[in-house]
Structure formats: C-alpha cells, structure tokens
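Asks: Next comes the sequence, and after it the predicted model I'd like to discuss.
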Amino acid sequence: MSELITKLMFLIAVLDPLGSVPVYLEATKDFDLKHKRKVAVTASITAFLVLLFFILVGQFILEGMEVSLVAFQISGGVILFLFALTMIFGEGKPEQEKHMIKDYMHVTIFPVAIPSIASPGAIMAVVLMTDNHLYTIKEQAITTLLVLLVIIGTMALLLGANIVQRRIGEYGITVISKIMGLILASYAVQSILSGLKVFFTEIN
C-alpha cells in the first residue's frame, strides 16, 4: 500500500494537476461553458493516450536505438531533475505555458493536453516507472491505472477550474507547483544514484 501511495504522489508531482488550471483558464477564457468543458475532457483524454503510448512502446523505441537500461535511467533522471528545476526556480508552470498560447481557437491539444498535462517530464516518468526489466506486467498495469486516476483528477480540477482558482489563487497554485518540483527533484536524484550504483557494480 505504501508503495502505491508513493507512486501516486510522484505522479501527482510530475503531472502537477493544479499547475494546469491557470493554463486551461487562460486558454479557454473566450469560450462558453459548454466549449470549456469539452476542452477539459478532450485534453485530458488526449494526454492520457499520449502517456499510454509511451508506457506501451517508449521502452521499445529506446531499446531499438540500443540505449542501455542504466544509461536511460541516468539520462531520464537528469532530464527529470532539469524539469524539476524549471518548476522550482522558473517563473512557474502556469506562466510558462500561458506564453505558449498563440491561437485561442486551437488550444485543446497544445498547450492544454501537451505540454501542460502530458509534459516531457511526465512522459519520461511513465517510461521509467514501467520499465520491462524492473517491473512485472501486473506492476505496470497498476502504474497505468494510477496514471489514469491522476488524469481523471486533473480533468475534475479543470472542470471546476474557476472554483479552484478562486479558492487557492494563482499565487497559491504557483507555490504548490514549486513544492511538486521539489518532490520531483528528489525522485530524479534517486534515479540517477540508482543508475550510477548499477553501472559501477557492473564494471567492477
């Protein structure tokens, strides 16, 4: 049970559902309520399908390129760490992704689904968490269900985005996003250390 909670908390940190709320509100500010709800649902489904694709074939792509498990674990940890640093020291996920909005008529896929929900960090994380060499099919299926659970939670937040922003405020959302960045940075460092440990064990 504790392992499931740890995985769930990590997925919440890397997907950062609250951080998507201001992006969604900005992207849909000119839409009516029906269209806003459609964007929330479609973007969430699209983000899950993107993550599911990388869960299923991400590792095969890397192995086809003859990237070793250790190299992937270390490089994945470095990428996650850099991503976490942008969450902690940058202007924040909401502000960064608001700047990506150029066409308010086509915001469902970009930037709401990608990269706000299914960010590069999230894609890297789900590939690491479903590694065929480390996890059984059952464990990978559980991780996939946890990803779906977080996406459903994200969709619920987007559907109630106006209420969330009024209660927490954009400043509060930014603070929470930075805390999620700290959690993600810790996981990234652990991934790098684990990869280095395996590497030095193999060469000795």
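Replies: That came through, no problem.
Asks: quick check: mean pLDDT across whichever strand or helix holds residue 73?
Replies: Using DSSP states H and E, residue 73 sits within helix 69-89. The pLDDT scores in helix 69-89 average 82.
Asks: could we number from 4 for the rest of this?
Replies: Happy to do that; since the first residue is 4 now, the last one works out to helix 72-92.
Asks: what helices or strands is that helix leaning on?
Replies: helix 123-132, helix 164-206 (3 or more Cβ pairs under 8 Å, 6 or more residues apart in numbering; DSSP states H and E). Heads up, the C-betas are built off the backbone N, CA and C, glycines and all.
Asks: Tell me the buried residues in it?
Replies: Under the neighbour-count criterion of 16 or more other Cβ atoms under 10 Å, helix 72-92 has 72-73, 75-84, 86-87, 90 buried.
Asks: That one relative to helix 123-132, how many degrees between them?
Replies: Interaxial angle, helix 72-92 versus helix 123-132 (axes from the mean of the first three to the mean of the last three Cα atoms, to 10 degrees): 150 degrees.
Asks: and helix 72-92, how far from the chain's centre?
Replies: Taking Cα atoms, centre = their mean, to the nearest Å, one finds helix 72-92 lying 13 Å from the centre of the chain it belongs to.
Asks: what about this protein, any weak spots by pLDDT?
Replies: 72, 94-108, 207 (pLDDT under 70).
Asks: Closest one of the buried residues of helix 72-92 to residue 185?
Replies: Nearest to residue 185 among the buried residues of helix 72-92: residue 87, at 7.4 Å, using Cβ to Cβ.
Asks: is it true that residue 190 touches residue 12?
Replies: No - using Cβ atoms under 8 Å, residue 190 makes no contact with residue 12, being 9.6 Å away.
Asks: Between the two, point out the one with more neighbours.
Replies: residue 190 (21 against 14; other Cβ atoms under 10 Å).
Asks: Give me the nearest residue to the more buried one, chain neighbours excluded.
Replies: Leaving aside its chain neighbours, residue 190 sits nearest to residue 13 (5.6 Å; criterion: Cβ to Cβ, 6 or more residues apart in numbering).
Asks: contacting residues around that neighbour?
Replies: 128, 132, 186-187, 190 (Cβ atoms under 8 Å, 6 or more residues apart in numbering).
Asks: Quick check: the gap between residue 193 and residue 121.
Replies: 23 Å (Cβ to Cβ, to the nearest Å).
Asks: Comparing those two, which residue is more hemmed in?
Replies: More crowded of residue 193 and residue 121, by other Cβ under 10 Å: residue 121, with 26 against 11.
Asks: any idea which element the closest residue to that one other than its chain neighbours lies in?
Replies: Distances taken as Cβ to Cβ, 6+ apart put residue 50 closest to residue 121, at 4.0 Å, once the chain neighbours are dropped. Assigned by DSSP H and E, residue 50 belongs to helix 36-67.
Asks: thinking again about what came up before, heading C-terminal from the helix or strand harbouring the residue nearest to residue 190, find the next helix or strand.
Replies: Assigned by DSSP H and E, residue 13 belongs to helix 5-18. Sequence order places helix 20-30 as the next helix or strand after helix 5-18, per DSSP H and E.
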